[in-house]
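Engineer: I would like to see how this sequence folds:
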Amino acid sequence: MSPEQAVRPYATWPSPITTTGVARSGLRLGFPTVSGAQTWWTEDRPLEGGRTTIVRQEADGTRTQLLAAPWNARTRVHEYGGRPYALVPDGGLVFANFADQRLYLLSPGAEPEPVTPEPEQECGLRYADMTVHDGRILCVRERHDSGGRVSRSIVSIPLDGGTEPRELVGGSDFYAFPVLSPDGEHLAYVCWDHPRMPWNGTEIRVTRLSDGLTRTVAGGLEESVLAPRWRDDRSLYFVSDRSGWWNLYLSGVGGAPARALHPLEEECAGPL
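Structural biologist: From the prediction side, this is the model:
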């Protein structure tokens, strides 16, 4: 009997499928951003230990890897992560580095420079879902204290790291998708609380930054809403499962009822 014909214990059979081949087939792209003629996205590198880099594509199709090893653009906010980068108007970007969870600024032609301080032993900080506006980074911040307590908020961090972050929104157990209105006056975001999971019930709220006045635009205990995006200064696109399917909706922030843009018995998105 040849070695190939020998009877072997379960899970010890020889196979032409290798772990390297499986890993190579697992290339994943995520978090696309279009800016002018350029497109940006995250790209997992399974043959580099699962490291995540950021790629930029020009109008002619030329692609550039912006983060070389060992940089790893991945955040652990909510443990499962979130959007790990944001574009800066000068062509650079801000990203969360997996190893220390700090935010870094990558300027064109330069090496990444830290924006947030080194983590302290008694307090761990994580950041996700960044956007850059008027020299500041708006993002979700997650704080882990020495007693094992975890809190989250939406903060504004100076891009040069020169002053302390300013908390814009707090009080809920979870936050995601902070987006600033085109005029910079209102912040929309998704929030929810224990024991709900993000597919059970979430809310989209809009906070006026000048005085903190907050309005709930959509969602609740029995509705999952996500991915708000401003159409203009006074209306939002978002995704809701109120019909039993995650469909696209449009709502004004002044209290007008939301309307489905194209009702389908199909999912146009999925939960966090």
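Engineer: Between its first and last residues, what's the separation in stretch 101-114?
Structural biologist: Stretch 101-114 has an end-to-end distance of 11 Å (CA to CA, to the nearest Å).
Engineer: and for that stretch, what are the contacting residues?
Structural biologist: For stretch 101-114, contacts defined as CB atoms under 8 Å, 6 or more residues apart in numbering pick out 66-67, 71, 75-76, 88, 90-97, 115-119, 124-127, 130, 137, 139, 157, 159, 161. Backbone N, C-alpha and C define where each C-beta goes, glycine included.
Engineer: Give the ChimeraX command for selecting the buried subset of the residues you listed.
Structural biologist: Written as a ChimeraX command, the selection of buried residues from the contacts of stretch 101-114, which uses 16 or more other CB atoms under 10 Å, is:
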select :66,67,71,75,76,88,92,93,94,95,96,97,115,116,124,125,126,127,130,137,139,157,159,161
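Engineer: Show me the helices in the stretch 1-150 of the chain, by range?
Structural biologist: With helices called from DSSP state H, counting those that start in this stretch, the stretch 1-150 of the chain shows them at 19-24.
Engineer: For the residue nearest in space to the middle of the chain, give its distance to Arg45.
Structural biologist: The centroid of the chain falls nearest to Arg83 when counting by CA atoms, centre = their mean (2.0 Å). When distance is defined by CB to CB, to the nearest Å, Arg83 is 18 Å away from Arg45.
Engineer: Gly161 now?
Structural biologist: According to CB to CB, Gly161 stands 28 Å off from Arg45.
Engineer: Report pLDDT for Gly255.
Structural biologist: If you check Gly255, the pLDDT there is 71.
Engineer: Now do the contacts for it.
Structural biologist: Counting by CB under 8 Å, 6+ apart, Gly255 makes contact with Arg215.
Engineer: That one belongs to a strand?
Structural biologist: No: judged by DSSP: H, G, I helix; E, B strand; the rest coil, Gly255 forms no part of a strand; its state is coil.
Engineer: Over to it: give its phi and psi.
Structural biologist: phi 110, psi 0 (degrees, to the nearest 10).
Engineer: That one and Ala218, how far apart?
Structural biologist: For Gly255, the distance to Ala218 - CB to CB - is 11 Å.
Engineer: Ok, Thr207 next?
Structural biologist: Separation of Thr207 from Ala218 (CB to CB) stands at 15 Å.
Engineer: now do Arg136
Structural biologist: 27 Å.
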